[in-house]
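1. Everything below, folded, please.
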Amino acid sequence: MDLRDILRRRRMVRHYTGEAVPRETLERIVATVRRAPSAGFSQGQRLLVVDDPGLLTDLAALAGGPDDPDLEPWFPSAPAHVLVLTREGDYHDRYQSEDKLREGEEVEWPVPFWYVDAGATLMLVLLTAVDEGLSAGVYGVPVEQDAAFRALLGIPDDLRIVAGVTIGRGAPDPGWSGKTSRATQRRRSLDELVRWNTW
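-> Numbers count the residues shown, from 1 in each chain. Now for the predicted structure:
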């Protein structure tokens, strides 16, 4: 599939058929982590794939259901989740190496690049899922649920949960579609988003 076609097809999906995603398909999707941008080649991104039916049921219970009974079940219908994680320590370790020191000191990070790289990894997961003929939706883990996610999935303390991605075969979602930001907000024009040479 052409990249432009993938970009046209990419959208957030919150309802799936429930059909299992083959392990080899998930392996191809998450293999993209090795090609993701990484500041100084720190390679601090990590992915956690959840496709075990019992764990998926537990994740759905953690997330709870929509208050509106007319909305489709998001987590209960998703046959796989990919959690995008980052390890900040990998960036500090790399930038404390001799070839990265500036006057003997680690560079002062203008922004936390471990999150920048995690965002790039997230987009690769989304685009590769579409390329595989699947759908995907992104979710955040609320601060108050972080400990429960960590306990359920055995996530070590040195990894930060950046986002989760549900992956599967998309099903019609008229309830969600009518209530999402995409349906209620206008898409900004290119002129509002892009400037050339100076602002």
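2. by contact count, what packs against the helix or strand hosting residue 116?
-> If you go by DSSP states H and E, residue 116 is part of helix 113-131. With contacts defined as 3 or more CB pairs under 8 Å, 6 or more residues apart in numbering; DSSP states H and E, helix 113-131 has these neighbours: helix 3-9, helix 23-30, strand 45-50, strand 80-86, helix 88-95, strand 135-139, strand 160-168. From N, CA and C alone the C-beta is placed, and that goes for glycine too.
3. Take these and write them to CSV, including mean neighbour count, distance to residue 153 and mean pLDDT.
-> Output for these, formatted as CSV (neighbours: other CB atoms under 10 Å; distance: least, CB to CB, whole Å; pLDDT from 0 to 100):
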stretch, mean neighbour count, distance to residue 153, mean pLDDT
helix 3-9, 11, 29, 85
helix 23-30, 16, 15, 97
strand 45-50, 20, 6, 97
strand 80-86, 24, 7, 98
helix 88-95, 18, 19, 92
strand 135-139, 21, 14, 94
strand 160-168, 22, 9, 97
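4. Pull the contacting residues for the residue nearest the centre of the chain.
-> In the chain, the residue lying closest to the centroid (CA atoms, centre = their mean) is residue 122, at 4.0 Å. Neighbour list for residue 122: 84, 138, 162, 163, 165 [criterion: CB atoms under 8 Å, 6 or more residues apart in numbering].
5. Of the helices and strands packed on helix 113-131, give the one that comes closest to residue 37.
-> Residue 37 sits nearest to strand 45-50 of all the helices and strands packed on helix 113-131, at 9.4 Å, using CB to CB.
6. roughly how far out does the next helix or strand after the closest one sit from the chain middle?
-> Going down the chain from strand 45-50, the next helix or strand is helix 53-63, by DSSP H and E. Distance of helix 53-63 from the chain centroid (CA atoms, centre = their mean, to the nearest Å) equals 18 Å.
7. Poorly predicted segments of this structure, please.
-> 65-71, 174, 176-177, 179-183 (pLDDT under 70).
8. cutoff 80 now
-> Scanning the chain for pLDDT under 80 picks out 1, 64-72, 173-185.
9. if I look at the residue in it sticking out farthest from the centre, how far off is residue 123?
-> For the chain, the residue at maximal distance from the C-alpha centroid (CA atoms, centre = their mean) is residue 103, at 36.4 Å. Distance, residue 103 to residue 123, by CB to CB, to the nearest Å: 35 Å.
10. Next: residue 76.
-> 26 Å.
11. try residue 23
-> Distance from residue 23 to residue 123, by CB to CB: 23 Å.
12. follow-up on the earlier one: got the helices and strands packed on helix 113-131 as JSON lines, with distance to residue 39 columns?
-> As requested, the helices and strands packed on helix 113-131 are exported to JSON lines (distance: least, CB to CB, whole Å):
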{"stretch": "helix 3-9", "distance to residue 39": "24"}
{"stretch": "helix 23-30", "distance to residue 39": "21"}
{"stretch": "strand 45-50", "distance to residue 39": "11"}
{"stretch": "strand 80-86", "distance to residue 39": "11"}
{"stretch": "helix 88-95", "distance to residue 39": "6"}
{"stretch": "strand 135-139", "distance to residue 39": "22"}
{"stretch": "strand 160-168", "distance to residue 39": "15"}
